[in-house]
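The following comprises the amino acid sequence and a computationally predicted model.
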Amino acid sequence: MSDARQRPIAERIEWLFDRASRHGQAYRSTEATLARSRYLSRHTTALVALKCMDGRTNIPVATQTPTGIVMPFPSEGAPDLTSTSKPVLITRGKCANK
């Protein structure tokens, strides 16, 4: 959708719903489910990350992990964290900044 700001609002909303539907289908696909299962069987550490409130950071792309592996948490109410957010590793109940 090039130059989305010039399109009518109804068209932009339709585009957004369509995009959300495509992302949902990709997430629920057999390939994506198997990729998450394989990843989790090899890597037992739970991953969480503080992220930008506006979603500019695509965490699966940045970490090269299947969608749904890293649990994103918005850095709500702490604007100073959005520019310095780092992924946080949780291993056996302990946190370590990486």
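In hand now; what should we look at?

how about low-confidence regions in this protein?
The chain contains residues with pLDDT under 70 at 1-2, 52-55, 75-98.

Can you show me the helices along it?
For the chain, the helices defined by DSSP state H cover 9-28, 30-42, 59-63, 79-82.

mind listing what's buried in the second one?
Applying a neighbour-count criterion of 16 or more other C-beta atoms under 10 Å, one finds 35-36 buried in helix 30-42. All C-beta spots, glycine's among them, are computed from the backbone N, C-alpha and C.

Could you export the helices of the chain as a markdown table, including distance to Met71?
Output for the helices of the chain, formatted as a markdown table (distance: least, C-beta to C-beta, whole Å):
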| stretch | distance to Met71 |
| --- | --- |
| helix 9-28 | 14 |
| helix 30-42 | 12 |
| helix 59-63 | 9 |
| helix 79-82 | 16 |
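
Which among those is found nearest to Val70?
Nearest to Val70 among these is helix 59-63 (4.8 Å), distances taken as C-beta to C-beta.
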